[in-house]
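S.K.: All I have is the shape, not the residue letters:
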């Protein structure tokens with residue numbers, strides 16, 4: 001699972017969230033019993049939601065590395081992304097999901113453990129839920145189920161954050177949490193669900209993905225008008241993972257839906273050195 005996976009899953013998650021049957025509470029099927037989800041989304045450059053408090057990504061401490069050019073940072077990111085897809089055998093992490101329907105003042109908070117095993121196994125262990133039952137069943141649980149379905153069934157290459165799907169344009173440099181980053185505008189080569197228009201931010205010294213923000217270019221559902229997001233990443237033991245996500249969507253049936261996700265305590269599981277070497281990832 002590489003950083004592109006965490007981007008490609010986002011809009012597919014909302015397909016399950018905004019179906020007409022949402023008004024009737026339903027179980028979420030055998031894959032995850034009666035428990036919650038993880039959210040993602042896609043957004044635009046002119047209407048990106050404000051990140052939640054303390055949303056600056058946790059970056060590695062400064063090291064004595066030469067500053068990369070924009071071209072080298074982008075090439076390094078793409079190389080790291082391809083390497084991670086081969087070198088990561090799985091991971092475990094703790095996740096906290098907060099979901100809110102402002103129009104009805106309904107909200108919920110779900111704490112869980114997640115475990116991924118490459119290439120197509122994702123499981124959740126619920127720990128705690130507080131809030132409205134409607135939000136749990138029809139927002140959080142649907143999000144989790146959609147993430148499981150995406151891992152098991154979808155082709156991540158069709159929405160991967162790479163040159164095969166996007167055009168990249170360097171827009172300058174910026175600072176995130178005191179670290180220099182290269183800012184790239186990204187535009188999808190095709191207008192289809194799963195792709196977004198926005199910006200990515202790459203560490204100017206390591207090429208690592210630091211932040212992605214934007215808007216989905218084609219809604220996955222007739223009942224959703226806009227899906228905006230900001231997602232922050234951090235490096236953990238040589239792998240890149242999402243640590244925070246703030247997303248907002250506007251739906252015909254429930255109005256604005258706001259979801260915040262925090263991931264922490266990642267425990268990456270590297271692939272055996274022999275298989276990584278054989279695949280050419282090192």
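M.R.: That came through, no problem. Only a predicted model underlies this, so the values are computations on that prediction, with no experimental measurement involved.
S.K.: Please make it C-alpha for all contacts and neighbour counts, starting now.
M.R.: Noted.
S.K.: The residue lying closest to residue 196 once chain neighbours are set aside: neighbouring residues, count only.
M.R.: Leaving aside its sequence neighbours, residue 196 sits nearest to residue 216 (Cα to Cα, 6 or more residues apart in numbering; 4.1 Å). For residue 216, the neighbour count with other Cα atoms under 10 Å is 27.
S.K.: Hmm, residue 216 is touching residue 199, no?
M.R.: No - look at residue 216 against residue 199 with Cα atoms under 8 Å: they stay out of range, at 12.0 Å.
S.K.: what sits in contact with each of those two?
M.R.: Overlap of the contact sets of residue 216 and residue 199 (by Cα atoms under 8 Å, 6 or more residues apart in numbering) is empty.
S.K.: hang on, residue 226 packs against residue 220?
M.R.: No - look at residue 226 against residue 220 with Cα under 8 Å: they stay out of range, at 10.0 Å.
S.K.: low pLDDT regions in this structure?
M.R.: Within the chain, the ranges that satisfy pLDDT under 70 run 1-63, 274-282.
S.K.: Tell me which helix or strand comes right after the biggest helix by length in the chain.
M.R.: Of all the segments assigned as helix in the chain under DSSP state H, the longest by residue count is helix 70-87. Sequence order places strand 88-101 as the next helix or strand after helix 70-87, per DSSP states H and E.
S.K.: Relative to whichever helix or strand comes after that next one, what are the paired strands and their orientations?
M.R.: Following strand 88-101 in sequence order, the next helix or strand is strand 106-117 (DSSP H and E). Partners of strand 106-117 in the sheet, by DSSP bridges, are strand 88-101 (antiparallel), strand 121-131 (antiparallel).
S.K.: I'd like those as CSV, with mean neighbour count and distance to residue 113 appended.
M.R.: Listed next are the strands paired with strand 106-117 as CSV, based on neighbours: other Cα atoms under 10 Å; distance: least, Cα to Cα, whole Å:
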stretch, mean neighbour count, distance to residue 113
strand 88-101, 20, 5
strand 121-131, 16, 5
